[in-house]
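Q: whatever this is, show me its structure:
(one chain, ligands or ions: 1)
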Amino acid sequence: MTRELSAADIAKRAAAKEAVALVEDGMRLGLGTGSTAAWYVELLAERVKAEKLNVIGVPTSVRTGKQAESLGIKLTTLDEAGWLDLTVDGADEFDPDLNLIKGGGGALLQEKIVATASDRVVILTDPTKQVESLGAFPLPVEVIPFGWETTRAIIEDLLETLDVDGRETVLRMNKDEPYLTDCGHFIIDLHLKRIGDAEELSDALNRIAGVVENGLFIDIADEIIVGHEDGTADVIVYEDEDED
Ligand code: 5RP
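A: Numbering: from 1, shown residues only. Down below sits the predicted model:
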């Protein structure tokens, strides 16, 4: 039975298909989290099965691990793999320098650890996620539950000193309880509307004791694949202007 896909799913699938073509036999693969990354995992499993590819995956969330395992993709831990050849993930926003906001799905910490341990990072998106400057999507900040209200107050004080357009902070909830990440942390979403200097904000957030990590992915993505509703996809490659 063939599935009737929504326009959004056609775009996500188109981006994922382009990324699956980058996989080679023997690769160690970082597997992202979210609805777009789930398409990649599904299509990857099809290729692995059809071509008997010997690849191994490191999932960035319990959710992705379960999906990959159920589809027959061999999994390992990042510690076992040591380093990865290719990570493919989704994003919530990307700017012209291929900097990202991630973590809408709550997996930003493992996603950043896995991406920064990869030779090549490919991000799957659609045109709605392309922005001139980051910040319309709320920035997730993963915090330690101990003293989280104090951590939040310190974040709010920090935001007063920075070039952003909004300063509302919201504890992410799962029904009546704080949302818990796979690592047992909370997430505070920062509604900034516009981030003037993403690097300055990221560094300042990560200097706060109760902050584990934030969803700004700066200089991490090598390529963005933009899927379209007509089933085509464009690839945007990061060009380092400092290189010859
Ligand atoms: C999860 C993420 C996701 O990659 C991001 O939220 C995009 O998700 P989707 O593909 O469902 O739009 O960062 O933590």
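Q: need the residues of the chain near the ligand, please.
A: Contact residues (Cβ under 6 Å from any ligand atom) of the chain with the ligand: 32-37, 89-92, 102-108, 111. In this view, the C-beta of every residue, glycine as well, is placed from N, C-alpha and C.
Q: roughly how far does Glu132 sit from the ligand?
A: According to Cβ to the nearest ligand atom, to the nearest Å, Glu132 stands 19 Å off from the ligand.
Q: hmm, Asp95 and that residue touching each other?
A: Yes: between Glu132 and Asp95 there is a contact at 6.8 Å, judged by Cβ atoms under 8 Å.
Q: who has more neighbours, the two?
A: Taking neighbours as other Cβ atoms under 10 Å, Glu132 and Asp95 compare with Asp95 leading, 17 against 8.
Q: where does the closest residue to the more buried one other than its chain neighbours fall, helix, sheet strand or coil?
A: Of all residues not flanking Asp95 in the chain, Leu134 sits nearest, at 5.3 Å (Cβ to Cβ, 6 or more residues apart in numbering). Secondary structure, DSSP: H, G, I helix; E, B strand; the rest coil: Leu134 is coil.
Q: against the ligand, how distant is Leu134?
A: Between Leu134 and the ligand the distance is 13 Å, computed by Cβ to the nearest ligand atom.
Q: count the neighbours of that residue for me.
A: Residues near Leu134, counting by other Cβ under 10 Å: 25.
Q: dump the residue contacts of it.
A: The contact partners of Leu134, taken as Cβ atoms under 8 Å, 6 or more residues apart in numbering, are 93, 95, 99-101, 195, 198, 216.
Q: helices - which of these land there?
A: The helices, defined by DSSP state H, take in Ala198 from these.
Q: one step back: name only those of the residues of the chain next to the ligand that count as buried.
A: Among those, those classed as buried by neighbour count (16 or more other Cβ atoms under 10 Å) are 32-34, 36-37, 89-92, 102-108, 111.
Q: filter the residues you listed down to the ones in helices?
A: The helices, defined by DSSP H, take in 36-37, 108, 111 from those.
Q: between the residues you listed, which is closest to His228?
A: Among these, Thr36 lies closest to His228 (Cβ to Cβ), at 13.1 Å.
Q: list the contacts of the closest one.
A: Counting by Cβ under 8 Å, 6+ apart, the residues that Thr36 touches are 12, 15-16, 90, 124-126, 227.
Q: the ligand: which of the residues you listed is nearest?
A: The ligand lies nearest to Gly90 out of the contacts of Thr36, by Cβ to the nearest ligand atom, at 3.1 Å.
Q: was I right about that closest one contacting Ser35?
A: Yes: between Gly90 and Ser35 there is a contact under Cβ under 8 Å: 7.2 Å.
Q: re the thing from before, which members of the contacts of Thr36 are positioned in helices?
A: The members of these that map onto helices under DSSP H are 12, 15-16.
Q: got JSON lines for these, with distance to Lys52 too?
A: As requested, the ones in helices among the contacts of Thr36 are exported to JSON lines (distance: Cβ to Cβ, whole Å):
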{"residue": "Lys12", "distance to Lys52": "26"}
{"residue": "Ala15", "distance to Lys52": "25"}
{"residue": "Ala16", "distance to Lys52": "21"}
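Q: which one of those residues sits in the busiest neighbourhood?
A: Ala15 (28 neighbours).
Q: tell me the two of the contacts of Leu134 that are most distant?
A: It's Leu100 and Ile195 that sit farthest apart of the contacts of Leu134, by Cβ to Cβ, at 11.7 Å.
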